[in-house]
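Asks: Build me a structure from this.
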Amino acid sequence: MKRIARKYGAFVRQPDVARLLVVGLLSRMPIGMVGFAMLMFLRESLGNFTLAGTAVGINFITMAACSPIQGRLIDRHGPRRLLLVTGIVQPLSLAGVLIAASTASPFWLVALFAGLAGVFASPITTITRTMWRTRFDREEDRRTAFALDSVTIELNFTLGPAIVAGVLAFWGARAAFALSIVVVACSAAIYILSGVLSLFQQVTGGERHLLGPLTEPRLWLVFIATFGLTVCFGFLEVGYPAYATFLSTPSLAGMLLAINAVGSAIGGGLYGGLQFRPPVERQFAFAMGLMAVPLALHALVLQPVAVFAVVAFFAGALIAPTITAQSVLVSRLAPARYATEAFTWSSTFIVSGIGVGMAVGGAMVESVGLRPTFATGAAIMAAMAIGTLALLPPEVPEGARAND
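Replies: Reported below is the predicted structural model:
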């Protein structure tokens, strides 16, 4: 542990690293709050998890569909103007969801505002990951950077649901969702005013293909595995609130999501601080294979709650290592001129996977119950691990793509 601490200490002392970590943590608070708060608010307003999960799923899917367009705009024109637009339109659209559901408007209007919020979702996470890619050339440094970045995101997923759970318990679901909208508006202002955008390096010149980074076949394999992986995350995102609701303790959902995120933060910290002999392709596959185990245990251990919470912790402990390995692969395989677009495509598969997982998971919870939902997630995760192991052979990483 001392060696890990020394490694991280030396890493954080490098120029701009600490500032980018702190700003990233503060400006990405919405990612741990909005989906959960919207789900619980719509569950209360619309009356069931099927409609609530569908609306949240639409938000995620439209976010996923438009993310690559945002990435291409950022690669060509820089991030500032897009951040200004999304920083205004996204919170207004979420406010539309709040008002439409509160006034018993037709579901299509709720879905429309949820979709619009997804179209104009903030690209802060992908911009930050692009900065990490250009800041470091060595794969080991990138692994450390992406691990720390994943840890800060998991802190968001720890603090965000805990805050939402507290507001749920004392003031209700409407207040929790309203707070998350305010946080969305503040996050864009924090990122723009912090000055970190000066670290963004725009690559100009060079021939650009219509498909951008998707001309790289190995990226397709990574993205397909990423989609399957995050479908399982969506099952957890809707499974924990459903579990808490069935126990008549809605605030428990936030605590379970926070416990899962704490596990992920710890796992990500250990992963970034240790050395591993297997190539990152194998690390990616092995992490997914290991994650299938606690996912399966969710289906077997619904009681007592304390044991279920322990399983949630260990499921989380493999999330950040898996996403870190995935980010390293994307940063290596994507040509520099498509750096941001590659990470937005990554976000597309991540967000669409979570959205599909939440929509399908919500329907499954209502129709067949919790155990089959968690078991299905475990089966999908195992399939992604086996497929990645078979179809994504290791490649010599150092310098392989650094100058593309």
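Asks: which residues of the stretch 251-400 of the chain fall in helices?
Replies: In the stretch 251-400 of the chain, the helices defined using DSSP state H, counting those that start in this stretch lie at 252-273, 280-300, 305-316, 319-333, 339-367, 370-391.
Asks: Tabulate those helices (TSV), appending mean neighbour count.
Replies: (C-beta placed from N, C-alpha, C; glycine too.) Formatted as TSV, the helices of the stretch 251-400 of the chain follow (neighbours: other CB atoms under 10 Å):
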stretch	mean neighbour count
helix 252-273	23
helix 280-300	21
helix 305-316	19
helix 319-333	26
helix 339-367	25
helix 370-391	19
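Asks: May I have stretch 317-336 as CSV, with CA atoms only?
Replies: The C-alpha coordinates for stretch 317-336 follow below in CSV (Å, rounded to 0.1, in the frame of the first residue of the first chain):
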residue,chain,number,x,y,z
ALA,A,317,-14.8,-3.4,-7.0
LEU,A,318,-14.4,-4.6,-10.5
ILE,A,319,-16.2,-1.7,-12.3
ALA,A,320,-13.5,0.9,-12.3
PRO,A,321,-10.7,-1.6,-13.2
THR,A,322,-12.8,-2.7,-16.2
ILE,A,323,-13.6,0.8,-17.4
THR,A,324,-9.9,1.8,-16.9
ALA,A,325,-8.7,-1.0,-19.0
GLN,A,326,-11.3,-0.1,-21.6
SER,A,327,-10.2,3.5,-21.6
VAL,A,328,-6.5,2.5,-22.1
LEU,A,329,-7.5,0.4,-25.1
VAL,A,330,-9.5,3.2,-26.6
SER,A,331,-6.7,5.7,-26.1
ARG,A,332,-4.2,3.4,-27.8
LEU,A,333,-6.3,2.2,-30.7
ALA,A,334,-7.8,5.6,-31.7
PRO,A,335,-5.8,7.9,-34.0
ALA,A,336,-4.9,11.2,-32.4
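Asks: Now that stretch: average pLDDT?
Replies: Computed over stretch 317-336, the mean pLDDT rounds to 85.
Asks: go on, stretch 167-182?
Replies: 91.
Asks: which stretches of the stretch 101-250 of the chain aren't confidently modelled?
Replies: 202-212 (pLDDT under 70).
Asks: Can you name the residues that contact the closest residue to Ala185 other than its chain neighbours?
Replies: Ranked by CB to CB, 6 or more residues apart in numbering and with sequence neighbours excluded, the top spatial neighbour of Ala185 is Pro91, at 4.2 Å. By CB atoms under 8 Å, 6 or more residues apart in numbering, the contact set of Pro91 is 181-182, 184-185.
Asks: Apply 10 Å and report the result again.
Replies: 30, 34, 117, 120, 122, 180-188 (CB atoms under 10 Å, 6 or more residues apart in numbering).
Asks: Just to check, Asn48 is in contact with Gly362?
Replies: Yes: counting by CB atoms under 10 Å, Gly362 is a contact partner of Asn48 at 8.4 Å.
Asks: Determine the residues that are contacts of both of the two.
Replies: When contacts are counted by CB under 10 Å, 6+ apart, the set common to Asn48 and Gly362 consists of Thr54.
Asks: The helices of the stretch 251-400 of the chain into a markdown table, with extra columns for distance to Arg218?
Replies: Shown next, in a markdown table, are the helices of the stretch 251-400 of the chain (distance: least, CB to CB, whole Å):
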| stretch | distance to Arg218 |
| --- | --- |
| helix 252-273 | 22 |
| helix 280-300 | 9 |
| helix 305-316 | 28 |
| helix 319-333 | 5 |
| helix 339-367 | 12 |
| helix 370-391 | 9 |
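Asks: closest to Val110 out of those?
Replies: Nearest to Val110 among the helices of the stretch 251-400 of the chain is helix 339-367; the distance by CB to CB comes to 14.3 Å.
Asks: can you tell me which of the contacts of Pro91 are in strands?
Replies: In strands, judged by DSSP state E, none of the contacts of Pro91 are found.
Asks: Could you pick out the buried ones from the residues you listed?
Replies: Buried members of the contacts of Pro91, counted by 16 or more other CB atoms under 10 Å: 30, 34, 117, 120, 122, 180-181, 183-188.
Asks: out of those, which are inside helices?
Replies: Under the assignment DSSP state H, the buried ones among the contacts of Pro91 contribute 34, 117, 180-181, 183-188 to helices.
Asks: just to revisit the earlier point, just the element for the residue nearest to Ala185, please.
Replies: helix 80-102 (DSSP states H and E).
Asks: related to what we said a few turns ago, in a markdown table, list the buried ones among the contacts of Pro91 along with distance to Tyr8.
Replies: Shown next, in a markdown table, are the buried ones among the contacts of Pro91 (distance: CB to CB, whole Å):
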| residue | distance to Tyr8 |
| --- | --- |
| Pro30 | 26 |
| Val34 | 29 |
| Ala117 | 35 |
| Phe120 | 35 |
| Ser122 | 27 |
| Ser180 | 30 |
| Ile181 | 34 |
| Val183 | 27 |
| Val184 | 30 |
| Ala185 | 32 |
| Cys186 | 28 |
| Ser187 | 25 |
| Ala188 | 29 |
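Asks: What is the nearest of those to Met384?
Replies: Val34 (26.0 Å).
Asks: Next, find the distance separating that closest one from Ala383.
Replies: Using CB to CB, to the nearest Å, Val34 is found at 29 Å from Ala383.
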